[in-house]
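S.K.: Provided below for reference: sequence and predicted model.
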Amino acid sequence: MKTLKFSYYISLAICIIQLLAHLCAPFGGPLTIWDMMTHGLFEVTTKATAGDRVIFLNHPPYSLNPATKNLQLLNSILAVIYFTSITLCCITPIFYKLSLKTKYKIGIISCGITLFICTIGAILWKYLTKTYLGI
């Protein structure tokens, strides 16, 4: 039970730091989170001669590709799951009627989901855009 409690507090700290980073970062806030949920969590970047360049998928020539709409939908779904998991982990302390084990497990699992999306989701996103869009 002590390791579960310790893991929960570490998970809670990780999720609070992530949420505060999105809310308090420069050019951040609730509207930025909403924009990330509607337009996607990850960006498509390519190496240009002067450095990295962000490509918008809803502009030609990528908007003509049928895979673009599915990739944007996947990106938005990942963003919704990411921010829902962060919020769920951050509000678990107010669930006073739940048993402690259940509360701890919810916090740890939701933190695991956010970390999974941050790491594996980004790798998957780069692979899918390279495969289907040739970027």
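M.R.: That came through, no problem.
S.K.: switch to C-alpha atoms for all contacts and neighbour counts from now on
M.R.: Noted.
S.K.: what's near enough to touch the residue nearest the centre of the chain?
M.R.: In the chain, the C-alpha closest to the average C-alpha coordinate belongs to residue 82, at a distance of 3.9 Å (CA atoms, centre = their mean). If a contact means CA atoms under 8 Å, 6 or more residues apart in numbering, then residue 82 has 113, 114, 117 as its contacts.
S.K.: Using the three-state scheme, assign it.
M.R.: Classification of residue 82 using DSSP: H, G, I helix; E, B strand; the rest coil returns helix.
S.K.: With neighbour count and secondary structure as added columns, please give the contacts of residue 82 in TSV.
M.R.: Output for the contacts of residue 82, formatted as TSV (neighbours: other CA atoms under 10 Å; DSSP: H, G, I helix; E, B strand; the rest coil):
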residue	neighbour count	secondary structure
113	16	helix
114	23	helix
117	18	helix
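S.K.: one step back: could I get the pLDDT score of the residue nearest to the centre of the chain?
M.R.: Reading off the per-residue confidence, residue 82 sits at a pLDDT of 93.
S.K.: Kindly report the same for residue 133.
M.R.: The per-residue pLDDT of residue 133 was computed as 76.
S.K.: about what we covered before: tell me the one of the contacts of residue 82 nearest residue 103?
M.R.: In terms of CA to CA, no member of the contacts of residue 82 lies closer to residue 103 than residue 113, at 15.5 Å.
S.K.: my guess is the closest one meets residue 85, correct?
M.R.: Yes. Shown here, residue 113 and residue 85 form a contact pair, counting by CA atoms under 8 Å, at 6.7 Å.
S.K.: Mind jotting down where the helices sit in this protein?
M.R.: The residue ranges that make up the helices of the chain, judged by DSSP state H, are 2-24, 30-39, 66-91, 100-116, 122-132.
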